[in-house]
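[1] next comes the sequence, and after it the predicted model I'd like to discuss.
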Amino acid sequence: MGNHTYKIIELAGSSDKSYEDAIRNAVACASKTVHNLRWFEVTETRGHIDQGQVAHWQVVLKVGFTIDPD
C-alpha cells in the first residue's frame, strides 16, 4: 500500500428499513459524483419513532476518498 492523501466529507443518509441501509444509501449516492471512496466512519445514529415503532433511521458518517495525484 502506497502513501495516500485523503479528503474527508460528511454525509447524512436515511432509510425506512435499517441503519445499514441508510449507510448504503449515503455511500451509493456519493459514489455517483465522488470517486475513489475508500472508507467510512459512522459518527451519529438517530431515528424517528411513530406510534411506538421505529419508522425511520438516519446516520451521519465521515467518508474518506483519495485525492488524485498531480
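    Looks like it arrived, so ask away. Residues are numbered from 1 along each chain as shown.

[2] quick one: low-confidence residue ranges for the protein.
    Residue ranges of the chain with pLDDT under 70: 1-2, 70.

[3] gap between the most far-flung residue of it relative to its centre and Val34?
    Farthest-out residue of the chain from its mean C-alpha position, per CA atoms, centre = their mean: Gln51, at 27.6 Å. Applying CB to CB, to the nearest Å, the value for Gln51 to Val34 is 37 Å. Glycine gets a C-beta too; all of them are placed from N, C-alpha and C.

[4] ok, now Glu20?
    Applying CB to CB to Glu20 and Val34 gives a distance of 21 Å.

[5] pick out whichever of these two has more residues nearby.
    Of the pair Glu20 and Val34, Val34 is the one with more neighbours under other CB atoms under 10 Å, namely 14 against 11.

[6] secondary structure class of that one, three-state.
    coil (DSSP: H, G, I helix; E, B strand; the rest coil).

[7] wait, it sits on Tyr6?
    No - between Val34 and Tyr6 there is no contact, the gap being 11.9 Å when judged by CB atoms under 8 Å.

[8] so what's in contact with the two at the same time?
    Common neighbours of Val34 and Tyr6 are listed as Phe65 (criterion: CB atoms under 8 Å, 6 or more residues apart in numbering).

[9] I'm done for today, thanks for sticking with me.
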